[in-house]
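# please find the sequence and the predicted model below.
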Amino acid sequence: MARIDTEAWEATNRQRLDDQVEMVRRDNDAGVTVRSTRGEEDLTILTVPNAVIVEGEGRDEKLEALKAFVEGPKSPFVKGGKPTKRDKTVIDQITVFELPRLKGRRGEKEDAADVVLQEPTLKDVARPEYYIHVSADHGRPCPATEPEETGLRDPWPPFDPTSTAGQGVVVTVVDTGWWQTAARHPWLAQDVGGDPEPIGANLHAYSGHGTFIAGIVRCRAPKAVIRHERFKVQRRKRGQAYADYEASVRESAIIRQLKEALDKHVGDERPHIINLSAGTYTLDDQELSTLTAVGNVIRNLPNTVLIAAAGNDSTDVPFYPAASGWAVGVGSLDRQGGVSNFSNFGPNANVYALGRNHVNAFPDGVYRCRETPDKEDRRVFTPQSGLARWSGTSFAAPLVAGLIAAELSENGGTAKAAARTVLNSVQRRQVRLRPAPLPAYPYGKIKRLHPNF
């Protein structure tokens, strides 16, 4: 389906973006800085206002210079608010440097990170820390649609209980964690574990995102072992209770969970496949150094491959890590076989797979819509169904992860070889412009449109 380019469509998307940025501002203790929109592309980039990243050659000297500026006699920062490193080393000598509050009313007008980044004596010392969007849609930190109730009792694409696909393959889902009650579904009843996701009766914006993804993998590879690495989504406390939804994920939190996924073994194996349905645009369109460091590790692991969602902005602006040469970027197709109107393309998508209207496991509870045109609508998810309908490249990615797991279990070899086999088995066609509709295809297959991997 070609992108619908009407004033009404664009106005709705603009309002959805405003709704979501306001959600991040209101419910994020770390705050948010909106750094850039790209004219016609309208892609908003969010960064952390009270932290910067220090990296590269001369990192220790850069840290000393930054510390001297922050704590010096002419410092614009509050005294006694000694900065600390969020992590001694996030990965590969890359440090997150937390900043204290700015003095007086200056803090009401400026972000701490901007003061550092604009200081002439600190040129090239630091860069912003980005927020990573969970399957970002139109430059915003949310999936392509909000989850919808469904009267269905079975997942779509379907689950085959007799299949042995995925036997012996370990898939790690780096996402919101594992909602353990989902084990009531037969396709998630065994060999699913890892970091749990705490969920209450009021569902936040990403509730069940990781569990939904695990369900999609399992419907393609029923015997694969699924392990969850939960990233900590930024939240603000209201009294003693957390808000009923969460905002975006700090770059450092995603990297920490990816590093943990690579460091963990199941038996003698690292994960064969890592699914990351998240990513970000950058101010200079270049890959974040933290993701480059992860990629350097994965490149040297022949039996590990990372699958990444391409993003949901109908753009070819690089969205990382999907646009990274070391990852498999996955765009979205509709059931009729056309590229979804929200799907990113170009360097972001090595392949396209079904991403529209997946049905899979979802938590029980009440979901309040946050976005135009459904803002304030209440959706009630009950144990009688235990499922939701959801769309986005977030859900195209795990379908490809499941196909690779199935190929690896059936024919052996390495995870990277299995990924190449899956990608090489489908149609190749380079796409440089906006994608046009494609011929119809069965839900279990994919279209390869950008053969870079």
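Looks like it came in fine.
# could you list every residue that touches the residue lying closest to Thr121 once chain neighbours are set aside?
In space, and not counting its chain neighbours, Thr121 is closest to Phe69: 6.8 Å by Cβ to Cβ, 6 or more residues apart in numbering. C-beta: built from backbone N, CA, C; applies to glycine. Applying Cβ atoms under 8 Å, 6 or more residues apart in numbering, we find Phe69 in contact with Ser75, Val116, Glu119, Thr121, Leu122.
# what packs against the helix or strand where Glu407 lies?
Taking DSSP states H and E as the criterion, Glu407 maps to helix 393-411. Contacts defined by 3 or more Cβ pairs under 8 Å, 6 or more residues apart in numbering; DSSP states H and E place helix 393-411 against strand 170-175, helix 209-220, strand 273-276, strand 305-309, strand 328-333, strand 351-354, helix 415-424.
# quick one: average pLDDT of the second one?
Read it as helix 209-220. Averaged over helix 209-220, pLDDT sits at 97.
# so where's this structure uncertain?
Applying pLDDT under 70 to the chain flags the ranges 1-32, 34-42, 80-89, 105, 107-109, 134-143, 232-247, 265-268, 426-453.
# just the strands in the stretch 151-300 of the chain please.
For the stretch 151-300 of the chain, applying DSSP state E, counting those that start in this stretch gives strands covering 170-175, 192-194, 202-203, 225-230, 237-238, 241-242, 249-250, 273-276, 278-279.
# for Ala308, give me its contacts.
With contact taken as Cβ under 8 Å, 6+ apart, Ala308 is in contact with Leu276, Ser277, Ala278, Gly279, Pro321, Ala322, Ser324, Ala327, Val328, Gly329, Val330, Ala397.
# hang on, I meant Pro161
Pro161 makes contact with Pro186, Trp187, Pro222 under the criterion Cβ under 8 Å, 6+ apart.
# buried subset of these as a ChimeraX selection?
To isolate the buried ones among the contacts of Pro161 in ChimeraX, judged by 16 or more other Cβ atoms under 10 Å, type:
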select :187,222
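# can you redo the contacts of Pro161 as TSV with distance to Thr414?
What follows is these, written out as TSV (distance: Cβ to Cβ, whole Å):
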residue	distance to Thr414
Pro186	30
Trp187	26
Pro222	22
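# among the helices and strands packed on helix 393-411, which comes closest to Pro373?
strand 328-333 (20.8 Å; Cβ to Cβ).
# in terms of secondary structure, what does that closest one contact?
Packing partners of strand 328-333 (3+ Cβ pairs under 8 Å, 6+ apart): strand 305-309, strand 351-354, helix 393-411.
# could you export it as CSV, CA atoms only?
Below are the C-alpha coordinates for strand 328-333, written out as CSV (Å, rounded to 0.1, in the frame of the first residue of the first chain):
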residue,chain,number,x,y,z
VAL,A,328,19.2,-7.4,9.6
GLY,A,329,16.7,-4.5,9.2
VAL,A,330,13.1,-5.6,8.7
GLY,A,331,10.3,-3.4,7.2
SER,A,332,6.6,-4.2,7.3
LEU,A,333,4.3,-5.7,4.7
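# who's the spatially most central residue of the chain bridged to?
Taking Cα atoms, centre = their mean, the centroid of the chain lies closest to Ala278, which sits 1.2 Å from it. Under DSSP bridges, the beta-bridge partners of Ala278 are Val134.
# wait, it touches Asp175, no?
Yes: counting by Cβ atoms under 8 Å, Ala278 does reach Asp175; the two are 7.4 Å apart.
# could you list the buried residues of stretch 194-212?
So for stretch 194-212, counting by 16+ other Cβ under 10 Å, buried means 194-195, 197, 199, 203-212.
# now swap in stretch 318-331 and tell me
Residues of stretch 318-331 classed as buried by neighbour count (16+ other Cβ under 10 Å): 318-324, 326-331.
# same check, this time on stretch 250-261
Arg250, Glu251, Ser252, Ala253, Ile254, Ile255, Arg256, Gln257, Leu258, Lys259, Ala261.
# neighbours of Thr304, how many?
For Thr304, the count of nearby residues is 22 (other Cβ atoms under 10 Å).
# next one: it from Ser343, what distance?
Using Cβ to Cβ, to the nearest Å, Thr304 is found at 26 Å from Ser343.
# hmm, back to that, export the buried residues of stretch 250-261 to TSV and tack on distance to Arg153?
Shown next, in TSV, are the buried residues of stretch 250-261 (distance: Cβ to Cβ, whole Å):
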residue	distance to Arg153
Arg250	38
Glu251	39
Ser252	41
Ala253	36
Ile254	34
Ile255	39
Arg256	38
Gln257	33
Leu258	35
Lys259	39
Ala261	33
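# looking at those, which is nearest Arg218?
Closest approach to Arg218 among those (Cβ to Cβ): Ala261, at 18.1 Å.
# now do the contacts for that closest one.
Thr172, Val174, Arg227, Glu229, Pro271, Ile274.
# next one: Asp175
By Cβ under 8 Å, 6+ apart, the contact set of Asp175 is Val134, His209, Gly210, Ile213, His228, Glu229, Arg230, Phe231, Asn275, Leu276, Ser277, Ala278.
# could you find the closest non-adjacent residue to it?
Spatial nearest neighbour of Asp175, chain neighbours left out: Gly210 (3.3 Å); criterion: Cβ to Cβ, 6+ apart.
# distance to Leu423 added to the strands of the stretch 151-300 of the chain, as JSON lines?
Conversion of the strands of the stretch 151-300 of the chain to JSON lines gives the following (distance: least, Cβ to Cβ, whole Å):
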{"stretch": "strand 170-175", "distance to Leu423": "17"}
{"stretch": "strand 192-194", "distance to Leu423": "26"}
{"stretch": "strand 202-203", "distance to Leu423": "35"}
{"stretch": "strand 225-230", "distance to Leu423": "22"}
{"stretch": "strand 237-238", "distance to Leu423": "45"}
{"stretch": "strand 241-242", "distance to Leu423": "41"}
{"stretch": "strand 249-250", "distance to Leu423": "28"}
{"stretch": "strand 273-276", "distance to Leu423": "13"}
{"stretch": "strand 278-279", "distance to Leu423": "19"}
